[in-house]
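>>> here are the coordinates; sequence isn't available:
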């Protein structure tokens, strides 16, 4: 391994350990706000079964999201944000 690369990695590990101990502040912090799936569904005035069918997920998946046992990821997050922002338009496009 290149000495420069090794030194960079060693420094990164030292910084990570210091951040973990709380002796160094992270250079940036990314916080991803959780989507309240139940609130999104309730705004659409659909039942769990209707909402799950509309967004092409199983009712069990929807229930897990609503009860926060699991969190939606990837395209599901994008679709839920669209439904949260413009529910009438999203439902029209989804043909519900």
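It's in. Quantities reported herein were computed from a predicted structural model and do not represent experimental measurements. Numbers count the residues shown, from 1 in each chain.

>>> For the chain, just list every one of the helices.
Listed in chain order, the helices of the chain (DSSP state H) span 3-21, 37-44, 48-54, 59-66, 75-85, 87-93.

>>> in the second one, what's buried?
Meaning helix 37-44. Applying a neighbour-count criterion of 16 or more other C-beta atoms under 10 Å, one finds 37, 38, 40, 41, 44 buried in helix 37-44. The C-beta positions use only the backbone N, C-alpha and C, and glycine is treated the same way.

>>> excluding its backbone neighbours, what's nearest the fourth one?
I take that to be residue 41. residue 51 (4.6 Å; C-beta to C-beta, 6 or more residues apart in numbering).

>>> Could you list the residues in contact with stretch 64-77?
The contact list for stretch 64-77, computed with C-beta atoms under 8 Å, 6 or more residues apart in numbering, reads 34, 35, 37, 38, 41, 48, 55, 57, 61, 80.

>>> quick one: contacts for the last one?
If I follow you right, that is residue 80. Residues near residue 80 by C-beta under 8 Å, 6+ apart: 35, 37, 40, 55, 72.
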